[in-house]
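Student: What follows is a predicted protein model with its sequence.
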Amino acid sequence: MTHPAHHGAHTAHTHDHAEADLTQTLDLDAEVLAEHMDAVTASLPSGTEPRHIVDLGCGTGAGTLALLRRFPNSRVTAVDSAPAHLDRLRDNAVANGVDERLRIVRADLDAPTPPDLGRPELVWASASMHHMSDPDRTLRQVRELLCPGGLFVMIELAAFPRFLPPEAPADSPGLEDRCHATIDRQHAATASHRDADWAPKLLAAGFAIESERTRTLHIPASRNPAVTRYAHTTFTGLRNRIGRLLTPEDRTALDRLLDPESPHSLLTREDLALRTRRTTWITRAG
């Protein structure tokens, strides 16, 4: 996942800490949703055998590695702006024995001049388009990048991850929804495009939409223990970002969830489950 440049004064330490937190979140998302990623790559049209794939906003490489598994004769160019993400991707690729088929490019996709990425038959963008400052321009650039008739696969979050039952925690029911409502208000004041209507944008950029599918995902922590770590990392991020904006009661309840010594700790709850929805568009350049 790539991000537009941050504006305003901040320290390098703060930036590095935030990048490390996001790296951990992306790794956990990839671990928990590996089956979903493989299902998406398996759903690509029969006969799809790209020699060159570009992964735009690759993050720590969930999509990159899924594509390398799905297409063993392909090579992938993975693009992201965050050095920590690319370092993790490189390590993951070496661990999986696919580093010789991987080219890593550090680039800001919002830059006026896009990087030279060759002429791929398949471009992949998972949870990255909504971060672009001008997604319409980026989609046009993707269209120009692709070979004629090439595929563009885009995945976006139709619903951000939730982990607690609606009635939880007992001392502050609905806390998770209130936290996300606060985040939504923050995003509304920025240039975030995460709620964009993507189908018209894809058509305007010159793509023919071959399929659009929203998958509802529900993964209990009892089936995948990484869900618990994902929940704790997510709630820690919420506390850091919007804790000061919460009521004192909600802030206290959130701190109890994050406290490993608390009887209310997320780390000991048995009712956690990842609930999210992801929409995938499979499109073709005309």
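Tutor: Looks like it came in fine.
Student: Low-confidence stretches in the stretch 151-286 of the chain?
Tutor: Within the stretch 151-286 of the chain, the segments meeting pLDDT under 70 span 188-192.
Student: Mind jotting down where the helices sit in it?
Tutor: Secondary structure of the stretch 151-286 of the chain, counting by DSSP state H, counting those that start in this stretch: helices at 175-188, 198-204, 226-242, 248-258.
Student: quick one: contacts of the second one?
Tutor: In this case it means helix 198-204. Contacts with helix 198-204, where a contact means CB atoms under 8 Å, 6 or more residues apart in numbering, come from 129, 135, 136, 139, 152, 154, 156, 209, 212, 279, 281, 283. All C-beta atoms are positioned from the backbone trio N, CA, C, and that covers glycine.
Student: The second one contacts residue 196, doesn't it?
Tutor: Yes: the criterion here is CB atoms under 8 Å, and residue 135 meets it with residue 196 at 6.6 Å.
Student: ok so, going back, put the buried members of the contacts of helix 198-204 into a ChimeraX selection.
Tutor: This is the ChimeraX syntax for the buried subset of the contacts of helix 198-204, where burial follows 16 or more other CB atoms under 10 Å:
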select :129,135,139,152,154,156,279,281,283
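Student: can I get the contacts of helix 198-204 in JSON lines with distance to residue 123?
Tutor: Output for these, formatted as JSON lines (distance: CB to CB, whole Å):
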{"residue": "129", "distance to residue 123": "11"}
{"residue": "135", "distance to residue 123": "14"}
{"residue": "136", "distance to residue 123": "16"}
{"residue": "139", "distance to residue 123": "10"}
{"residue": "152", "distance to residue 123": "5"}
{"residue": "154", "distance to residue 123": "9"}
{"residue": "156", "distance to residue 123": "15"}
{"residue": "209", "distance to residue 123": "15"}
{"residue": "212", "distance to residue 123": "17"}
{"residue": "279", "distance to residue 123": "17"}
{"residue": "281", "distance to residue 123": "12"}
{"residue": "283", "distance to residue 123": "10"}
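Student: Which one of the contacts of helix 198-204 is nearest to residue 118?
Tutor: Using CB to CB, the shortest approach to residue 118 within the contacts of helix 198-204 belongs to residue 152, at 15.0 Å.
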